[in-house]
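J.: Any chance you could fold what I've pasted below:
(one chain, ligands or ions: 1)
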Amino acid sequence: MGIPHATTTSDIYNGYFIPKGVVVIANTWAMTHDAQKYPNPDEFKPERFLHEDGSLTSDTMPLGFGWGRRICVGQHLAEAALWIAITSFLATFSIQKILDEHGEEIPVVPKFSTGLIIHPETFPCRIVPRFKDASVERLTQLTGLDPFESVT
Ligand code: HEM
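T.: Residues are numbered from 1 along each chain as shown. A predicted model of the protein is given here:
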């Protein structure tokens, strides 16, 4: 859900009267689970946000950062930092299912926490290096980026 805000004046929105001084919470969950816009919304399908050529669609509105005057001022830093962290990790490691005693993969049953901010529950997995000498040095060599170099 969004961060709670209070109204400073009364307003009418979509025919609903919203009095002054009440708490308003944006229902981010409902927006991101709108099945008309996102068929099978619980399915992990990052390609929903990609054109066929792999470029991003314009529908990547960052709902998690709020809206309007109080929108998160750190969103670009946060997105860039997450991009660097996640792509570096995935370039180096592959996240795989754990194996049973016969070497068969055990399926992951996705579960989520509840509350104002929800996140996936922890689940067992294997983090496997993608190549033998997976290291910061090797990653630097592969990407041409030095993770310890300051970004200007
Ligand atoms: C993934 C990481 C982040 C998420 C999901 C996030 C999310 C949010 C949300 C939901 C709000 C409230 C918006 C509202 O009131 O409607 C907020 C506000 C804020 N965020 Fe972030 N944030 C993140 C990272 C950051 C970072 C890295 C910084 C600073 C470098 C930052 C600085 C702030 C500040 C200063 C506000 C208050 C803005 C204001 O009230 O005017 N955030 N953030």
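J.: Of all the residues in the protein, which one is nearest the ligand?
T.: Residue of the chain nearest the ligand, by C-beta to the nearest ligand atom: residue 74 (2.0 Å). All C-beta atoms are positioned from the backbone trio N, CA, C, and that covers glycine.
J.: Which residues are in contact with residue 87?
T.: Residue 87 makes contact with no residue under the criterion C-beta atoms under 8 Å, 6 or more residues apart in numbering.
J.: how close does residue 7 get to residue 18?
T.: Distance check for residue 7 against residue 18: by C-beta to C-beta, to the nearest Å, it reads 6 Å.
J.: shared neighbours, these two?
T.: Residues touching both residue 7 and residue 18 (C-beta under 8 Å, 6+ apart): residue 24.
J.: Now the least confident helix or strand in the chain by mean pLDDT: buried residues?
T.: Averaged element by element with mean pLDDT, DSSP states H and E, the chain has its least confident helix or strand at helix 136-143 (a mean of 73). For helix 136-143, a neighbour-count test (16 or more other C-beta atoms under 10 Å) marks 138, 139 as buried.
J.: Grab the longest helix from the protein for me.
T.: Secondary structure of the chain per DSSP state H: the longest helix is helix 75-92.
J.: Please name the residues that touch residue 51.
T.: So residue 51 contacts residue 57 (C-beta under 8 Å, 6+ apart).
J.: show me what contacts the residue positioned nearest the centre of the chain?
T.: Centroid-nearest residue in the chain, with C-alpha atoms, centre = their mean: residue 64, separated by 8.4 Å. Residues near residue 64 by C-beta under 8 Å, 6+ apart: residue 28.
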